[in-house]
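K.L.:
pasting the structure only:
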């Protein structure tokens, strides 16, 4: 008798995914500033993680999607105008110098969703950022960047698949923000 195959999991997270204009602006800044000093993140992978669910099985994914569909959040504007460096993970990032209240509310709603689905939400304080590069030995020569205006009208559920070439992301579902 063959053993039953283990149920597979997906590594999921909620995120903001930039449109083509925002992605191009962030990518251009990253290319100009980083050159070859670090492993830059390709444009199609640029995003802001809102809440990390981790590895989940299909029934939990279904509950997450249903709960996310009940979130009432309003569209908002986000300005990417600051760059930073975290030495321990060796990450160069860009993000807002001011986080809008609407973004805080969305993150709190998503963390509550994770808890309601039996998952443990991230305990660290939320710091919105777009990872620009990994394995960087130092930060950028600038901390302020020319403002990149991003109109946030949706959030998504994405899957992260790690293979020898690195992480690949796939957007599974999107929800409009309606106020």
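P.N.:
Nice, thanks for sending it over. Note that the structure is predicted; figures quoted are calculated from it, not measured. Residues are numbered from 1 along each chain as shown.
K.L.:
packing partners of the helix-or-strand element of the chain with minimal mean pLDDT?
P.N.:
Here the helix or strand of the chain ranked lowest by mean pLDDT, DSSP states H and E is strand 39-40, holding a mean of 88. Here strand 39-40 touches helix 20-34, strand 130-134, going by 3 or more Cβ pairs under 8 Å, 6 or more residues apart in numbering; DSSP states H and E. The way it works is simple: take the backbone N, C-alpha and C, and place the C-beta from them, glycine included.
K.L.:
identify the residues contacting the closest residue in space to residue 109 that isn't next to it in sequence.
P.N.:
Excluding the flanking residues, the one nearest residue 109 by Cβ to Cβ, 6 or more residues apart in numbering is residue 71, at 4.7 Å. Contacts were defined as Cβ atoms under 8 Å, 6 or more residues apart in numbering; by that measure residue 71 touches 106, 109-110, 113, 175.
K.L.:
got a winner among these for most neighbours?
P.N.:
residue 110 (26 neighbours; other Cβ atoms under 10 Å).
K.L.:
surely it forms part of a strand?
P.N.:
No: read with DSSP: H, G, I helix; E, B strand; the rest coil, residue 110 is helix and lies in no strand.
K.L.:
how about JSON lines for the contacts of residue 71, with distance to residue 153 and pLDDT added?
P.N.:
Output for those, formatted as JSON lines (distance: Cβ to Cβ, whole Å; pLDDT from 0 to 100):
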{"residue": "106", "distance to residue 153": "12", "pLDDT": "98"}
{"residue": "109", "distance to residue 153": "16", "pLDDT": "97"}
{"residue": "110", "distance to residue 153": "16", "pLDDT": "97"}
{"residue": "113", "distance to residue 153": "19", "pLDDT": "96"}
{"residue": "175", "distance to residue 153": "10", "pLDDT": "97"}
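K.L.:
quick check: pLDDT value at the residue nearest the centre of the chain.
P.N.:
By Cα atoms, centre = their mean, the chain has its centre lying nearest to residue 49, at 2.1 Å. Confidence at residue 49, expressed as pLDDT, is 97.
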